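Undergrad: what shape does this take:
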Amino acid sequence: MRVFKDRELFLPSSVVSIGAFDGLHKGHQKLIRQAVKRARELDVPSVVYTFDPPPRAYFQKQIVLTSLDEKLALMEKLTVDYIIVASFNEHYAARPSADFLDELIQIGACEVWVGSDFRFGKGKEGDIKFLSNYFQVNTYPFVTCDQGKKISSTRIRELLKNNDWLEIYQLLGRESLKTLDV
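TA: Prediction:
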């Protein structure tokens, strides 16, 4: 696995999964695994495009569930070939959605995998429909837990308020959240 900043990686073709992936919970893991599987089927590299800090941490000052180092270590276990980490700041947030399309072209995205609520670009102007005009886009459905509730980083943050560590670990699919374990 090799890690790059945005606009540093050039590939002739790839399968790309995109998201903040904060917490890298079971839903994120399934989306990334599916993109990696598809990349192997197409015999092209898999790429994860993520952000540091996650946009919600930047805009809404929400707690970051996984440090960048932890996120990268977890992604390596998912056998991702390349990771692009975009520095999410004022300049990045102000970019139009077309700039993001240029980056996907630069890495030869033959397929893009995202969650069903994916938005991008300044003011979240880009959406799945817009992205589908340029790339084959696969949306991965929300993953639910045994109780039928949606697994999400927002839900994990709510569980943190109640110190419900057992359920948090079940949603994460692992025994720790190193960033928050002190």
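Undergrad: going by C-alpha atoms from here, please, whenever you check contacts or count neighbours.
TA: Noted.
Undergrad: mind listing what residue 118 touches?
TA: 19, 127, 128 (CA atoms under 8 Å, 6 or more residues apart in numbering).
Undergrad: tell me which residue lies farthest from the centre of this structure.
TA: Within the chain, the residue lying farthest from the chain centre (CA atoms, centre = their mean) is residue 162, at 25.6 Å.
Undergrad: what about that residue, distance to residue 38?
TA: 38 Å (CA to CA, to the nearest Å).
Undergrad: do a quick rundown of the helices in this protein.
TA: 26-42, 55-60, 68-77, 90-93, 97-106, 128-132, 153-161, 165-172 (DSSP state H).
Undergrad: ranking helices and strands of the protein by mean pLDDT, which lands last?
TA: In the chain, no helix or strand scores lower on mean pLDDT, DSSP states H and E than helix 55-60, which sits at a mean of 86.
Undergrad: ok, and what's touching that one?
TA: By CA under 8 Å, 6+ apart, helix 55-60 touches 20, 62, 63, 64, 88, 89.
Undergrad: and which of those is nearest residue 78?
TA: Among the contacts of helix 55-60, residue 20 lies closest to residue 78 (CA to CA), at 15.9 Å.
Undergrad: which pLDDT value goes with the closest one?
TA: We have a pLDDT of 93 for residue 20.
Undergrad: also residue 176?
TA: In this model, residue 176 is scored at 62, pLDDT.
Undergrad: cool, and residue 70?
TA: Listed pLDDT for residue 70 reads 92.
Undergrad: ok, back up a step: please pick the buried ones from the contacts of residue 118.
TA: Among the contacts of residue 118, those classed as buried by 16 or more other CA atoms under 10 Å are 19, 128.
Undergrad: spit out the contact partners of the spatially closest residue to residue 143 that is not a sequence neighbour.
TA: Closest residue to residue 143 apart from its sequence neighbours, by CA to CA, 6 or more residues apart in numbering: residue 27 at 5.1 Å. By CA under 8 Å, 6+ apart, the contact list for residue 27 reads 142, 143, 144, 151, 152.
Undergrad: enumerate every residue touching the nearest residue to residue 68 once chain neighbours are set aside.
TA: Counting by CA to CA, 6+ apart, residue 68 lies nearest to residue 52, which is 6.8 Å off, once chain neighbours are set aside. By CA under 8 Å, 6+ apart, the residues touching residue 52 are 20, 68, 85, 86, 87, 88.
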